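1. with the sequence up front, the predicted model follows.
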Amino acid sequence: SNVITLDPGYKNTGSCESAITFLDGEKGVLRYRGYAIEDLAEKASFLEVCYLLIFGELPTKEQLSKFHKDIKEQSIVDEDMKRILDGFPKSAHPMGVLASLTNALVAFNPSSVNVDSEEDMYKAIVKILGKFPVLVAWTMRKKMSLPLNYGDTSLGYIENIHKMMFQKPNEEYKVDRAVIEALDKLLILHADHEQNCSTSTVRIVGSSHSGLFASLSAGIAALWGPLHGGANQAVIEMLEAIKADGGDTSKYILKAKDKDDSFRLMGFGHRVYKNFDPRARIIKKAADEVLGELGIEDPVLDIAKGLEKVALEDEYFKSRNLYPNVDFYSGIIYRALGIPTDMFTVMFALGRLPGWIAQWKEMRLRKEPIGRPRQVYTGYTLRSFKTMSDR
Ligand code: CMC
């Protein structure tokens, strides 16, 4: 119709029906397929959560082992992809590299675009779940000047990812169980979040029937920004800046409240959560545990806690319902695990992968129409053309 409802930022517009993730922003509730995030973070593995999000049910032992086997069979990336990676400057941001490599995968796996049957869809899904961790590991290894490698299919999904990322040449690979458990938990907490910016991007790009990998590449680009996934990197940079500045948190609170200053308290606020972000609560506790188990003391954790305390008591933040979000404490854990700061958002992408896949699959199976928002035009009415000499 010609009656257009204007809703910048889609604050009140539902773009789809979905049976994947339930979120109650007032009560701070998050559930994947009906299961509480608290239970999943505590009791499930990331691969189980991948299966749950994508197929709708928790897997049986047999289903999970078949799923894992199918993924492992797809964990080799075309050798020519290394030449593409090689072409990037070492200074390139890992998110740009990851988005490019994910899109480049289409060229080497053209059949992944054909998803006319659920069987074809399944093939594309296990392919990306196999190859994406390799791209993540390679992106980091390039930064760290480590030789590119492949996975170890004898390991669990997360342990294999960790090994691919961290194994040093001529060194025996060893990892603390606490590290794998922390990684598993963090990725579960990031696995889906209904129609956020990157997920909406994946659905809308996919709605033109671009393939899964191209849609995911667009989702990675959307996640990159500091108002979305990029906040996890921005939080640590902010905390470091506060530390270097003598640790005066109230000065930064003042800056964040100043409407003439573009500075925002990174890792604070959320479009939907207006009470608290349940993921942040779990991550804050996990940060204490992981640092304790690994015997790490990070002064930045104390700055974060101090900042949170001051903000929660401040009228500006209280009246606007601004609370720490998932990104506020996650970076402190990533750092404790030895992950470089500019790789944090890549880790978010790794965690969000199953959510993006599940949402894309749902969109295709429901045969949703092409996404095409309308606008309210505010430009000129008809003008008569002026030749160059008259301008
Ligand atoms: N610091 C200071 N003021 C803030 C902040 C903040 N972090 N967040 C919101 N506000 C203020 C904002 O200025 C506005 O004030 P006023 O009513 O006086 O104009 C009010 O709170 C409402 O904010 P909004 O920008 O209209 O809210 P939004 O729903 O459009 O934005 C947000 C949500 C997450 C983009 C925003 O809170 C923000 O920029 N936060 C910092 C970045 C961040 O942590 N992002 C991660 C989000 S969670 C996980 C993820 O998606 O990756």
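-> Happy to help now that I have it.

2. now do the residue in the stretch 1-150 of the chain that the ligand sits nearest to against Arg271, distance only.
-> When scored by CB to the nearest ligand atom, the stretch 1-150 of the chain has Gly9 as its residue closest to the ligand, at 5.7 Å. The way it works is simple: take the backbone N, C-alpha and C, and place the C-beta from them, glycine included. Using CB to CB, to the nearest Å, Gly9 is found at 8 Å from Arg271.

3. so for the two, which residue has more residues nearby?
-> Of the pair Gly9 and Arg271, Arg271 is the one with more neighbours under other CB atoms under 10 Å, namely 13 against 8.

4. and the more buried one, what does it touch?
-> Arg271 makes contacts with 9, 11, 196, as judged by CB atoms under 8 Å, 6 or more residues apart in numbering.

5. which phi and psi values does it adopt?
-> Main-chain torsions, Arg271, degrees, to the nearest 10: phi -60, psi -40.

6. and the pLDDT at it?
-> Note on Arg271: pLDDT of 94.

7. ok, back up a step: and the residue of the stretch 1-150 of the chain closest to the ligand, that's in a helix?
-> Yes. With DSSP: H, G, I helix; E, B strand; the rest coil as the criterion, Gly9 is part of a helix.

8. and it, what does it touch?
-> Arg271.

9. where does it land on pLDDT?
-> If you check Gly9, the pLDDT there is 96.

10. one more: Val3?
-> So, for Val3, pLDDT stands at 87.

11. ditto for Asn275
-> 88.

12. got it, and Leu53?
-> Leu53 carries a pLDDT value of 98.

13. and for the residue of the stretch 51-200 of the chain found nearest the ligand, the neighbour number?
-> The ligand sits closest to Asn196 of the stretch 51-200 of the chain, with a gap of 5.5 Å, by CB to the nearest ligand atom. When neighbours are defined as other CB under 10 Å, Asn196 has 23 of them.

14. distance check, it against Ile253.
-> With CB to CB as the criterion, Asn196 and Ile253 are 26 Å apart.

15. same question, Ala137
-> 38 Å.

16. can you tell me the closest non-neighbouring residue to Asp176?
-> Nearest non-adjacent residue to Asp176, counting by CB to CB, 6 or more residues apart in numbering: Leu294, 6.6 Å away.

17. name the residues of this protein found near the ligand, please.
-> 9, 196, 227-229, 231, 256, 264-271, 320, 322, 325-327 (CB under 6 Å from any ligand atom).

18. count the neighbours of whichever residue of the chain sits closest to the ligand for me.
-> Nearest residue of the chain to the ligand, counting by CB to the nearest ligand atom: Gly269, 2.3 Å away. Number of residues near Gly269 (other CB under 10 Å) recorded here: 20.

19. what does it show for phi and psi?
-> phi 90, psi 150.

20. thought it was touching Leu322?
-> Yes. Between Gly269 and Leu322 there is a contact at 4.4 Å, judged by CB atoms under 8 Å.

21. got a quick ChimeraX command for the buried subset of the residues of the chain next to the ligand?
-> Filtering those down to the buried ones (16 or more other CB atoms under 10 Å) takes a single ChimeraX command:
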select :196,228,229,231,256,264,265,266,267,268,269,270,322,325,326,327
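
22. now the top helix by length along the chain, how far from the centre of its chain.
-> In terms of residue count, the longest helix belonging to the chain (DSSP state H) is helix 118-143. Computed by CA atoms, centre = their mean, to the nearest Å, the separation of helix 118-143 from the middle of its chain amounts to 15 Å.

23. check contacts around Gly306.
-> 247, 249.

24. give me that answer again for 6 Å
-> Each residue near Gly306 by CB atoms under 6 Å, 6 or more residues apart in numbering is listed here: Thr249.

25. name the element it belongs to?
-> According to DSSP states H and E, Gly306 maps onto helix 299-312.

26. buried sites along that helix?
-> For helix 299-312, the neighbour count (16+ other CB under 10 Å) marks 300-301, 303-308, 311 as buried.

27. what's downstream of it, the next helix or strand?
-> Remark: after helix 299-312, the chain's next helix or strand is helix 315-319, criterion DSSP H and E.

28. so which bits of that following helix are buried?
-> Neighbour counts over helix 315-319 (16+ other CB under 10 Å) mark Phe317 as buried.

29. pretty sure Gly267 contacts Tyr329?
-> No. Using CB atoms under 6 Å, Gly267 makes no contact with Tyr329, being 7.7 Å away.

30. need the contacts of Arg271 in CSV (columns: distance to Ala336).
-> Below are the contacts of Arg271 laid out as CSV (distance: CB to CB, whole Å):
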residue, distance to Ala336
Gly9, 34
Lys11, 36
Asn196, 26
